[in-house]
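Trainee: Next input, structure requested:
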Amino acid sequence: MRRSMHAVLEAALMADGVAKDKIYPIDVARAFAKVKAIKNELIFWTSGADSQQQLRDGEVVMGNVWSTRAKILEADTKGRITWTWQDGILTPGVWVVPKGNPAGKAAMQFINSTLVPERQVEFLRTLGSGPANPKASAMVPAELRRTNPNRSRQHGKADHPRRLLVTPTTTRTCTTASLDLISS
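Mentor: Residues are numbered from 1 along each chain as shown. You can find the predicted model right below:
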């Protein structure tokens, strides 16, 4: 399991028997209690490479890993290690442009350039990250559909955060509490 709170609270609640459609809003106290109860059975990773290596070495038999890493791992092991979207937790990646950034409008122009549907399909082909632009989803070729996280959402196989409130204070509090918990 990842050594941060990205998708860990959701996974903990599912492990505690919470139905997928009842995950949000997150019961943080219950999620932490579940992680505390099972932490001796968990192995945490700190980088995508760690998650892949733990599976390759047989240190773990299953894991909560990034789909981009899982795709590479499946190819590297010629299908000996595979993956599924079933009960997967998709978390978005985002661009952040600080107020008063020195690049000015160029930062927003760059972000806009990454949203071009054809470029997003190529990004899926190269790295495995799903398109954020809905127009790109219709352009995804058949051979890439299995690895497109947005396609699995359309088929109800992965859970997407819908009502998640994140603020710097809650993020800092959860991060500190989670590191304290898994380090103790």
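
Trainee: From here on, just use CA atoms for contacts and neighbour counts.
Mentor: Fine.

Trainee: By mean pLDDT, flag the weakest helix or strand of this protein.
Mentor: Every helix and strand of the chain was ranked by mean pLDDT, DSSP states H and E. The lowest is strand 158-159, at a mean of 48.

Trainee: And this structure, what are its domain boundaries?
Mentor: 1-91+161-184, 93-156 (automatic domain parsing).

Trainee: mind giving me a markdown table with the ones you listed and columns for mean pLDDT and mean neighbour count?
Mentor: Shown next, in a markdown table, are the domains of the chain (pLDDT from 0 to 100; neighbours: other CA atoms under 10 Å):
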| stretch | mean pLDDT | mean neighbour count |
| --- | --- | --- |
| domain 1-91+161-184 | 82 | 15 |
| domain 93-156 | 87 | 15 |
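
Trainee: I'd like the distance between Lys105 and Ile111.
Mentor: According to CA to CA, to the nearest Å, Lys105 and Ile111 sit 10 Å apart.

Trainee: How about Val61?
Mentor: Where Ile111 is concerned, Val61 sits at a distance of 38 Å (CA to CA).

Trainee: go on, Ala29?
Mentor: Distance from Ala29 to Ile111, by CA to CA: 36 Å.

Trainee: next one: Trp95
Mentor: Taking CA to CA, one finds Trp95 at 7 Å from Ile111.

Trainee: Repeat that for Met14.
Mentor: For Met14, the distance to Ile111 - CA to CA - is 34 Å.

Trainee: again, but for Gln120
Mentor: As judged by CA to CA, Gln120 and Ile111 stand 12 Å apart.

Trainee: could you check the distance from Gln53 over to Val8?
Mentor: Taken as CA to CA, the span from Gln53 to Val8 is 20 Å.

Trainee: what do you get for Ile23?
Mentor: 12 Å.

Trainee: ok, now Leu127?
Mentor: Leu127 sits 23 Å away from Val8, going by CA to CA.

Trainee: What of Arg145?
Mentor: As judged by CA to CA, Arg145 and Val8 stand 26 Å apart.

Trainee: got it, and Gly58?
Mentor: Counting by CA to CA, the gap between Gly58 and Val8 amounts to 21 Å.
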